[in-house]
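S.K.: coords below, sequence missing:
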Ligand code: NAP
Ligand code: MG
């Protein structure tokens with residue numbers, strides 16, 4: 001039985017959301033020249049939060065021109081030690097304003113405040129601190145004696161970790177001496193616009209960071225712009241493929257961070273209570289809107305009954321609801337479109353013959369919600385075992401031997417991450433050698449650190465973000 005908690009909402013009064021926002025070009029908020037404004041909503045209440053300018057081709061052109069000018073005149077020629085000071089300053093302002101930014105992120109995205117406050121924001125600041133440290137040491141990064149910046153970077157990010165994905169993109173780009181034009185996702189532009197204000201607060205030279213809001217068409221205009229030297233994209237494999245096609249044959253250097261369908265492999269000798277926590281964190285963290293989510297649970301048959309009983313008991317205790325409540329484990333689904341996708345794939349799971357179990361939990365009336373769900377009796381051929389659901393839905397499969405576990409784990413077009421749970425260290429290494437995934441967690445899951453490279457194999461994309469490896473994407 002779940003304990004009853006009194007509501008413990010974080011106050012929203014710390015954020016000051018304007019009625020409308022312009023584009024951030026050349027250090028200023030400006031009106032759009034050729035786009036039509038759109039609205040961003042709070043997915044937990046369906047209330048409109050603000051009207052956002054859409055950048056059309058003329059606006060994208062202005063932003064790229066501002067970034068080019070800053071690259072040539074201020075940021076490109078600036079010594080690394082000077083660039084580092086700006087990055088440290090940005091990192092410290094993020095720390096100072098972290099409560100405000102966490103609340104803003106939860107309001108626009110729907111993620112629980114517990115996560116935006118304790119995971120997203122600390123990692124955002126850590127990324128800027130970490131890459132600030134590299135800015136004057138690039139010649140020691142093992143990428144040649146005189147590594148040079150590429151120029152203007154076009155960066156497009158998704159809605160699941162709006163500010164964190166911005167940090168993953170902007171911090172290394174600036175540390176290496178590039179300037180950027182970044183497009184946040186249509187449903188979550190507010191924290192990127194708050195970051196634009198932070199750039200002003202830090203006295204960052206105009207044009208070094210430009211933020212162009214809009215939807216897919218804005219992103220496309222940006223990555224296809226002729227005067228861009230580098231394209232960095234995080235999002236779906238379909239759009240990643242289209243971008244790879246559109247830049248093929250050009251001089252643009254590209255990195256793609258795409259989808260995933262990670263296997264989380266639990267052996268019967270694993271510490272089961274610990275594994276249950278890791279499974280829950282693996283798939284229900286951030287409502288399952290996580291590219292590296294452990295969405296396929298592979299359980300050794302001999303431990304199956306015990307693990308499933310524990311897992312269902314634990315899932316029954318998850319609290320779904322108000323993202324700003326500090327007791328909330330699972331917040332709102334980011335958009336009605338995403339909710340529809342999760343519902344559709346779950347229905348397909350049932351109609352293909354898998355058994356659906358949903359945690360008994362009350363859902364709020366307004367807003368976009370989906371209760372934590374698992375499917376058993378899933379076969380490798382089922383769509384819920386192959387396609388990314390990007391929601392709080394776990395597909396459970398079984399295996400008997402380590403070789404079978406590897407075979408099944410690798411049987412996917414993706415290869416972003418994987419998890420292994422076992423008491424045996426030698427087995428962890430044996431598995432890690434054979435799993436085709438960019439990140440492998442052992443007896444933990446969904447742990448991130450700016451010093452650690454992140455990226456995919458196969459259709460999960462190419463290039464690495466984070467760590468020393470992350471510099472390579474922004475240097476020639
Ligand atoms: P998406 O549709 O690919 O969108 C990602 C971004 O690209 C958004 O800003 C989107 O704009 C923009 N976009 C859409 N069409 C475009 C085009 N033709 N050209 C240029 N930009 C375009 O992905 P999503 O559904 O929002 O995000 C979820 C996906 O991202 C999942 O597949 C997930 O696995 C992946 N993801 C991967 C990582 C990773 O590091 N590998 C991390 C997070 C998420 P609008 O959405 O604003 O219209
Ligand atoms: Mg929103």
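M.R.: Yep, it's here. Bear in mind the structure is a predicted one, so any value in this text is a computation, not a measurement. Ligands and ions are numbered 1, 2, ... in the order given.
S.K.: Tell me how far whatever residue of the stretch 351-476 of the chain ends up closest to ligand 2 lies from residue 340.
M.R.: Closest contact between the stretch 351-476 of the chain and ligand 2, by CB to the ion, is at residue 368 (10.5 Å). (Glycine included, C-beta is placed from N, CA and C.) Going from residue 368 to residue 340 by CB to CB, to the nearest Å gives 9 Å.
S.K.: The residue of the stretch 351-476 of the chain closest to ligand 2: neighbouring residues, count only.
M.R.: 24 (other CB atoms under 10 Å).
S.K.: So which residue is dead centre in this protein?
M.R.: For the chain, the residue sitting closest to the mean C-alpha position, by CA atoms, centre = their mean, is residue 161 at 4.1 Å.
S.K.: All the helices of the stretch 201-350 of the chain, residue numbers only.
M.R.: Secondary structure of the stretch 201-350 of the chain (DSSP state H, counting those that start in this stretch): helices at 216-223, 237-247, 272-284, 304-315, 336-351.
S.K.: Among these, which comes closest to ligand 1?
M.R.: Smallest distance to ligand 1 across those (CB to the nearest ligand atom): 2.4 Å, for helix 216-223.
S.K.: So which bits of the closest one are buried?
M.R.: Buried residues in helix 216-223, defined by neighbour count with 16 or more other CB atoms under 10 Å: 218, 219, 220, 221, 222, 223.
S.K.: For ligand 2, which of the helices of the stretch 201-350 of the chain is the nearest?
M.R.: Between ligand 2 and these, the shortest separation by CB to the ion is 11.1 Å, and it involves helix 336-351.
S.K.: And that closest one, what does it pack against?
M.R.: In terms of contacts (3 or more CB pairs under 8 Å, 6 or more residues apart in numbering; DSSP states H and E), helix 336-351 is packed against strand 355-358, strand 373-376, helix 383-386, strand 393-399.
S.K.: is it anywhere near ligand 2?
M.R.: No - counting by CB under 5 Å from the ion, ligand 2 is not contacted by helix 336-351; separation bottoms out at 11.1 Å.
S.K.: Would you mind getting the angle between that helix and strand 393-399?
M.R.: If you take axes from the mean of the first three to the mean of the last three CA atoms, to 10 degrees, helix 336-351 sits at 30 degrees to strand 393-399.
S.K.: If you count neighbours, what's buried in helix 336-351?
M.R.: For helix 336-351, by 16+ other CB under 10 Å, it's 338, 339, 341, 342, 345, 346, 349.
S.K.: JSON lines for those residues, including pLDDT and distance to residue 147?
M.R.: Shown next, in JSON lines, are these (pLDDT from 0 to 100; distance: CB to CB, whole Å):
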{"residue": "338", "pLDDT": "98", "distance to residue 147": "39"}
{"residue": "339", "pLDDT": "98", "distance to residue 147": "45"}
{"residue": "341", "pLDDT": "98", "distance to residue 147": "41"}
{"residue": "342", "pLDDT": "98", "distance to residue 147": "43"}
{"residue": "345", "pLDDT": "98", "distance to residue 147": "44"}
{"residue": "346", "pLDDT": "98", "distance to residue 147": "47"}
{"residue": "349", "pLDDT": "98", "distance to residue 147": "48"}
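S.K.: Domain parsing of this protein, as residue ranges.
M.R.: Following automatic domain parsing, one gets these domains for the chain: 12-257+459-472, 263-445.
S.K.: Determine how far the shortest one lies from the middle of the whole chain.
M.R.: For domain 263-445, the distance from its own C-alpha centre to the chain's C-alpha centre is 17 Å (CA atoms, centre = their mean, to the nearest Å).
S.K.: Pull up the distance across it, start to finish.
M.R.: One end of domain 263-445 to the other measures 11 Å (CA to CA, to the nearest Å).
S.K.: What of stretch 288-308?
M.R.: From its first residue to its last, stretch 288-308 covers 19 Å (CA to CA).
S.K.: Can stretch 208-222 be said to contact ligand 1?
M.R.: Yes - Stretch 208-222 lies within reach of ligand 1 by CB under 6 Å from any ligand atom, at 215, 216, 219, 220.
S.K.: Equivalent analysis for stretch 435-443, please.
M.R.: No - Stretch 435-443 stays clear of ligand 1 (CB under 6 Å from any ligand atom), getting no nearer than 8.7 Å.
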